[in-house]
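Peer 1: A predicted structure for the sequence below; I have some questions about it.
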Number of protein chains: 4
Amino acid sequence: MDTIKTYNKRKKEEEEEEEETAMEVGFLGLGIMGKAMATNLLRKGFKLTVWNRTLSKCDELVEIGATVGATPAAVVKKCKYTIAMLSDPSAALSVVFDTDGVLEQVVSGKGYIDMSTVDVDTSSKISEAITSRGGHFLEAPVSGSKKPAEDGQLVILAAGEKALYEEAIPFFDVLGKKSFFLGQVGNGAKMKLVVNMIMGSMMNAFSEGLVLADRSGLDSKTLLDVLDLGAIANPMFKLKGPTMIQNNYSPAFPLKHQQKDMRLALAQGDAIAVSMPVAAAANEAFKKARSMGLGDLDFSAVYETVKHLQHSS
Amino acid sequence: MDTIKTYNKRKKEEEEEEEETAMEVGFLGLGIMGKAMATNLLRKGFKLTVWNRTLSKCDELVEIGATVGATPAAVVKKCKYTIAMLSDPSAALSVVFDTDGVLEQVVSGKGYIDMSTVDVDTSSKISEAITSRGGHFLEAPVSGSKKPAEDGQLVILAAGEKALYEEAIPFFDVLGKKSFFLGQVGNGAKMKLVVNMIMGSMMNAFSEGLVLADRSGLDSKTLLDVLDLGAIANPMFKLKGPTMIQNNYSPAFPLKHQQKDMRLALAQGDAIAVSMPVAAAANEAFKKARSMGLGDLDFSAVYETVKHLQHSS
Amino acid sequence: MDTIKTYNKRKKEEEEEEEETAMEVGFLGLGIMGKAMATNLLRKGFKLTVWNRTLSKCDELVEIGATVGATPAAVVKKCKYTIAMLSDPSAALSVVFDTDGVLEQVVSGKGYIDMSTVDVDTSSKISEAITSRGGHFLEAPVSGSKKPAEDGQLVILAAGEKALYEEAIPFFDVLGKKSFFLGQVGNGAKMKLVVNMIMGSMMNAFSEGLVLADRSGLDSKTLLDVLDLGAIANPMFKLKGPTMIQNNYSPAFPLKHQQKDMRLALAQGDAIAVSMPVAAAANEAFKKARSMGLGDLDFSAVYETVKHLQHSS
Amino acid sequence: MDTIKTYNKRKKEEEEEEEETAMEVGFLGLGIMGKAMATNLLRKGFKLTVWNRTLSKCDELVEIGATVGATPAAVVKKCKYTIAMLSDPSAALSVVFDTDGVLEQVVSGKGYIDMSTVDVDTSSKISEAITSRGGHFLEAPVSGSKKPAEDGQLVILAAGEKALYEEAIPFFDVLGKKSFFLGQVGNGAKMKLVVNMIMGSMMNAFSEGLVLADRSGLDSKTLLDVLDLGAIANPMFKLKGPTMIQNNYSPAFPLKHQQKDMRLALAQGDAIAVSMPVAAAANEAFKKARSMGLGDLDFSAVYETVKHLQHSS
């Protein structure tokens, strides 16, 4: 009896080990977002092999159980699934196409999930390369920044291969509060642009309202309170309002990136003849802010273009 | 001792009763909003004398305890405090200045609280007339429409005489979830314009995003879900989004009124040299919607100007 | 005797003939425009009775043959036709309605031609007052500023009574290179707003082009030369371009007046649901210029809002 | 004697050959513009070797003295200077880089003058290829369309090698009324975008004015007359106005090309942080026109977006 019990127990443990091995995951890119996300995966029991361009950034994750991969290629070789969270399109391309890059080890059955925010072209280029080698690809940009990443409360906008999306759900369940499968590659990038375009126009509307209130002799804080009680109350107004009226624009989402997203969203509309006059006006305000040297501040600094009074010449 | 105590106690109770009697309130205007508000006041125990241009509209309120006043003047004569909730500036002026109007019975000590949405000029004109006769005046436009009115969840933007504001708090506690005292007469109207201007620009930003998503091959309902999980989630997107993508614009807030508020907010900015390019672009979209015959539909029908494709000539 | 008698008689007849030929005309308002216009009328042989709020301004005209009227009423009493060229709507109203104003002497047969630039309401108010007393009214705002006024090269936008327009043609022939009869009172004002609205948007387009060229490393003067040779060559670009690139905005047409005309044209469009997004964007740029303290400079100073780079906070 | 005679004769023939060679010019591209330009060069005595993708288009020019080259390479081999006038960037690139293209015969001393309207990148790519083979390059886009091309009244915006510009002046004197040398390659393209951007905004301003006048009850033709007499009178308003009010948009400059130039000009501004809200608003109107199916009509069809009233849903 004992033997059988022991045998059964051992068998069960082996199965669990197998399951755990199957759950070994690669993770490329340990910036602010990537580090928070990788940490969550580790804490929820996934075995992670991590890589970062500056390898020393892996140390903190090693302390909580991660293994280090020497190169993106090495990570992909070791893991069935690899997640990437890079800073921009050029980093996303470099990690895939450079020497010792992801592509060198992509073979049939490998899954590559790029959660970086990139444009449609970049995503398509990576997708074609991965799938032409028999790999599986998913783009999965996220809505949400540092705090939601730490809290596992991101919103995940996945697109590409449906089967890989379904296999990735255990990861997404850890990383986000909700994931969406949006269809073909590029749709994740497009959805993110739409959301950020609305956000950029709203930030301008909010800024104009704040200035109009203030110049009309109304108290800005009261306006924030009134807004927060009404039909257009939203977390962004609540979070950014108090810092804006203190001229505090420490960058959570840099203005130049917001403006780039407005430009890309307008270009997306241009390609398919969608006229968006409010977004276009908002985009020009963000450009004006860039011309005023505010590009590296938070995107809420567009408030300065509305407030601005001084004649410089 | 006991007798005296009892006597004193009884006297105090009588005084309290008198105080309650002194809480008899006039209520002018029983449209959608006014009826809901008056009903709430009655249910919370206030004694109401109501008046409406079409007197038959008073019947329902009489059934739950209201008394009818024959004219605005009659109501004001009877009550220390009178609340008005009229449909527009001309109705607000007419109720005060016409024959049998409020003004005929305003004397020292009377309080008049106009909760209609009117412009600064209208409010100032009424204020001057009331106070020049020794009365007390408060403008108190509200943020919120039918549902919040019924639920006693309005946001009240009061301005005028501070003392009257404090006396009116028991009413406001019943009618709204929050009231603000904003200073001099006109500030309530101005604050409401600022809020509605932001709302109008947001509705345009939202419409542009919905069309861009749809034309880009993204599912509109998914966009709504994504928005509802992020930093710009707000009740208006949640409420209007589903009806907009069904081309349902049954009017909660008519587009022509929204456009009028945009125009007035821009004029408020013009007077003090505040440049608001995003609000201006949004205003032109609302005008375009009016030119397309959509003025009487809900303000969310501005969505049609973005969607619109057909060449008519 | 006979000879002398005959001579005297003949002389008197000649004088009468001269008088008839040289029709006596009233002229109210001797600002920059009015003085130039009155001077031209005098030089062409019209007998002028002039009035100005500051009477000393009449002196120069008296030197070249004008008679002075003590009040607008005195001028109208003396002359069959009176022309007015006042600075703004309030001056135009004041000259008509104040004590000793035009209205006091308007009787059947008198013609009043108001060439001031006023809004439709002001023009209508004056028209009604004049015609209700049996007088005849023509609004006749002009296109063109100081130089065309001096050169008798104005463009005259007349509206009101057709018969009076025809009687006024001898004056208009002296004052302008072309006059138009546009129909009912108000049409002159409206036409002028349309022209000025187009002009304001063009000035913005021009400013944006100048800045884009300069920042792109192109020579601004070369751009002016290229423009002047092409399909969009126009006197305004030719005149204003060279001064703008020298930051010279000495006011020919003050920016605040241009912005007021943009606002009024947009309001004219609003009333009839004409959406004009480019004019609206231009209007916001002029408002921005006002907020930068440029309202009293030439309207070409809107160039500064495009050039403007500095962050003030 | 014979020797000397022969020598002299041979010398003379050589000189004539040199002269002929020096004057022989290549011309690639015989579309509407190219044909008119080549015709002018032939009529002024230049010997032309012409090429066109559809060679039959060369026939008319052969009749007036041109020689045909079989390929772009053959033309360049034969001629010291070759002028190109292609329809778009892809044609401009193809003629240079394809098999039998210009590049195959570019050697030291050859001059290539591309008068096509292309973007900065295209122009730079061609410039690098030509100069890396020892050739000389000039971009020389033109301002002006069919009629000025026929009349030799183009405005030529040259940039690239100054020496080649000076050698090309005899051609430019025939083709245009004025040529400018604007510095480094790309400046011609940039200058053209600036001019077209101003033109596009002006066309919108004009359209808005025409609609506002018409809806205000003013006669559109009278507005055209008034405009033509004032400070903003320009050939474009004079030419396009009468056809626009007849809804005639037969394409001289297709709307989709105008919109593309607006987009490129805005992108040029975006790269260097120049905010241009009026051009952005105009661009959205052109996009709206494209969405209405007007892209292939004349750019003046943007008028339809302002006029447009109908609600399609």
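Peer 2: Sure, I can see it.

Peer 1: so what's the most centrally placed residue in chain A closest to, chain neighbours aside?
Peer 2: Taking Cα atoms, centre = their mean, the centroid of chain A lies closest to A:Val142, which sits 3.7 Å from it. Excluding its sequence neighbours, the residue lying closest to A:Val142 (Cβ to Cβ, 6 or more residues apart in numbering or on different chains) is A:Leu154, at 4.3 Å. The way it works is simple: take the backbone N, C-alpha and C, and place the C-beta from them, glycine included.

Peer 1: that neighbour and A:Lys146 touch, don't they?
Peer 2: No: the criterion here is Cβ atoms under 8 Å, and A:Leu154 misses it with A:Lys146 at 10.5 Å.

Peer 1: between the two, who's got more neighbours?
Peer 2: Of the pair A:Leu154 and A:Lys146, A:Leu154 is the one with more neighbours under other Cβ atoms under 10 Å in any protein chain shown, namely 29 against 12.

Peer 1: tell me the bridge partners for the more buried one.
Peer 2: A:Gly176 (DSSP bridges).

Peer 1: so what's it up against?
Peer 2: A:Met37, A:Val142, A:Ser143, A:Gly144, A:Pro148, A:Leu175, A:Gly176, A:Lys177 (Cβ atoms under 8 Å, 6 or more residues apart in numbering or on different chains).

Peer 1: tell me where the stretch 1-150 of chain A has helices.
Peer 2: Along the stretch 1-150 of chain A, the segments classed as helices by DSSP state H, counting those that start in this stretch run A:2-22, A:32-43, A:59-63, A:72-78, A:89-97, A:120-132, A:146-150.

Peer 1: by mean pLDDT, show me the worst of these.
Peer 2: Lowest mean pLDDT within those: helix A:2-22, a mean of 51.

Peer 1: secondary structure element holding A:Asp270?
Peer 2: A:Asp270 belongs to helix A:255-271 when assigned by DSSP states H and E.

Peer 1: so where is chain A shaky, pLDDT-wise?
Peer 2: In the predicted model, chain A carries pLDDT under 70 at residues A:1-23, A:309-313.

Peer 1: quick one, domains of it?
Peer 2: A:2-184, A:190-307 (automatic domain parsing).

Peer 1: nearest to C:Gln268, of those?
Peer 2: domain A:190-307 (20.4 Å; Cβ to Cβ).

Peer 1: quick one on the thing from earlier: any chance of the domains of chain A in CSV with distance to C:Glu24 as columns?
Peer 2: Listed next are those as CSV, based on distance: least, Cβ to Cβ, whole Å:
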stretch, distance to C:Glu24
domain A:2-184, 77
domain A:190-307, 53
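
Peer 1: any idea which of the ones you listed is most buried?
Peer 2: domain A:190-307 (a mean of 23; mean count of other Cβ atoms under 10 Å in any protein chain shown).

Peer 1: quick one: it to chain centroid distance?
Peer 2: Centroid separation for domain A:190-307 versus its chain: 19 Å, with Cα atoms, centre = their mean, to the nearest Å.

Peer 1: how about it, does it reach chain D?
Peer 2: Yes: using Cβ under 8 Å from any Cβ of the partner chain, domain A:190-307 reaches chain D at A:263, A:269-270, A:273-277, A:280-281, A:283-285, A:287-288, A:290-291, A:295.

Peer 1: circling back to that earlier point, just put the helices of the stretch 1-150 of chain A in a markdown table and tack on distance to A:Leu229.
Peer 2: Listed next are the helices of the stretch 1-150 of chain A as a markdown table, based on distance: least, Cβ to Cβ, whole Å:
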| stretch | distance to A:Leu229 |
| --- | --- |
| helix A:2-22 | 50 |
| helix A:32-43 | 32 |
| helix A:59-63 | 42 |
| helix A:72-78 | 49 |
| helix A:89-97 | 41 |
| helix A:120-132 | 39 |
| helix A:146-150 | 24 |
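
Peer 1: turn those into CSV, columns for distance to chain C.
Peer 2: Shown next, in CSV, are the helices of the stretch 1-150 of chain A (distance: least, Cβ to the nearest Cβ, whole Å):
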stretch, distance to chain C
helix A:2-22, 55
helix A:32-43, 27
helix A:59-63, 37
helix A:72-78, 40
helix A:89-97, 25
helix A:120-132, 26
helix A:146-150, 26
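
Peer 1: between those, which one is closest to chain D.
Peer 2: Among the helices of the stretch 1-150 of chain A, helix A:120-132 comes nearest to chain D, with 15.9 Å by Cβ to the nearest Cβ.

Peer 1: between that closest one and helix A:255-271, how many degrees?
Peer 2: 80 degrees (axes from the mean of the first three to the mean of the last three Cα atoms, to 10 degrees).

Peer 1: can you give the distance of helix A:120-132 from its chain's centre?
Peer 2: In terms of Cα atoms, centre = their mean, the centre of helix A:120-132 is found 18 Å from the chain centre.

Peer 1: which other helices and strands does that helix contact?
Peer 2: The contact analysis (3 or more Cβ pairs under 8 Å, 6 or more residues apart in numbering or on different chains; DSSP states H and E) places helix A:120-132 against helix A:89-97, strand A:111-114, strand A:136-139, helix A:187-215.

Peer 1: okay, the angle between the longest one and helix B:187-215?
Peer 2: Orientation note: helix A:187-215 sits at an angle of 170 degrees relative to helix B:187-215 (the same axes, to 10 degrees).

Peer 1: does helix A:187-215 come close to chain C?
Peer 2: No: contact of helix A:187-215 with chain C (Cβ under 8 Å from any Cβ) is absent, the minimum separation being 9.1 Å.

Peer 1: does that helix come close to chain B?
Peer 2: Yes: Helix A:187-215 is in contact with chain B by Cβ under 8 Å from any Cβ, via A:187, A:190-191, A:194-195, A:197-199, A:201-202, A:204-206, A:208-209, A:211-213, A:215.

Peer 1: dump the C-alpha coordinates for the following helix or strand past that helix into CSV.
Peer 2: On the C-terminal side of helix A:187-215, the nearest following helix or strand under DSSP H and E is helix A:220-228. What follows is helix A:220-228, C-alpha atoms only, in CSV (Å, rounded to 0.1, in the frame of the first residue of the first chain):
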residue,chain,number,x,y,z
SER,A,220,-9.5,75.2,-10.0
LYS,A,221,-9.8,72.8,-7.1
THR,A,222,-13.5,73.3,-7.0
LEU,A,223,-13.7,72.5,-10.7
LEU,A,224,-11.9,69.3,-10.1
ASP,A,225,-14.3,68.4,-7.3
VAL,A,226,-17.3,69.2,-9.6
LEU,A,227,-15.9,67.2,-12.4
ASP,A,228,-15.2,64.2,-10.1
